[in-house]
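**Student:** Take this sequence and fold it.
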Amino acid sequence: MKFFILFLALLSIDLSLKWYLNNSNIESITLVPYFLDYFLTKNTGIALSLFSSSGNLTQILLLVLIFLALIFLTHTFLKTKDKVQKLGLLLVLAGGFGNFIERLFYGAVTDYLHLRIGTTSLFVFNFADFLITLGAVLIIFIWMREEKIV
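**Tutor:** Next comes the predicted model:
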């Protein structure tokens with residue numbers, strides 16, 4: 001039950017942030033000099049804007065594939081007993097569903113955190129992407145621990 005509450009809280013934070021930023025008139029600003037900016041953009045693709053210039057059929061296929069991946073991850077979450085792996089999967093699911101819902105209803109995902117090093121732009125991401133990355137790191141840590149690599 002506490003995992004479900006955490007899932008709903010993280011999903012709500014993500015969707016609320018995106019809604020607020022999409023409905024505000026905040027100009028692009030530097031948050032951490034030489035490292036992080038607020039920069040609102042729409043991403044119709046996936047990671048690093050891959051498939052962003054594709055047609056409607058590709059966008060529909062992306063939605064279906066993302067949905068199937070979320071179903072698989074939900075199934076894995078329900079089966080696993082390891083609490084850290086469950087937490088990692090929950091983070092991936094909260095972020096994944098946040099981006100999926102926005103893509104489903106608006107055709108694009110709102111990104112707003114621009115990571116850079118000096119004048120070198122790396123990528124623009126959002127809270128959901130952060131959750132997905134953090135969850136993936138936890139899952140990889142669990143796999144490495146099981147293999148006695150760590």
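
**Student:** For burial, what's the neighbour tally of H114?
**Tutor:** 20 (other CB atoms under 10 Å). Using the backbone N, CA and C atoms, a C-beta is placed for each residue, glycine as well.

**Student:** Going by neighbour count, which residues of the helix or strand hosting it are buried?
**Tutor:** Here H114, judged by DSSP states H and E, is contained in strand 109-117. Going by neighbour count (16 or more other CB atoms under 10 Å), the buried part of strand 109-117 is 109-114, 116.

**Student:** Could you work out the most separated pair of the residues you listed?
**Tutor:** V109 and R116 (19.6 Å; CB to CB).

**Student:** which residues of this structure fall in strands?
**Tutor:** 29-32, 36-43, 109-117, 120-125 (DSSP state E).

**Student:** got those strands as TSV, with distance to T80 and mean pLDDT columns?
**Tutor:** Formatted as TSV, the strands of the chain follow (distance: least, CB to CB, whole Å; pLDDT from 0 to 100):
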stretch	distance to T80	mean pLDDT
strand 29-32	35	94
strand 36-43	30	93
strand 109-117	27	95
strand 120-125	26	93
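
**Student:** Tell me which of the ones you listed sits nearest to L63.
**Tutor:** Per CB to CB, nearest to L63 of the strands of the chain: strand 109-117, 11.6 Å.
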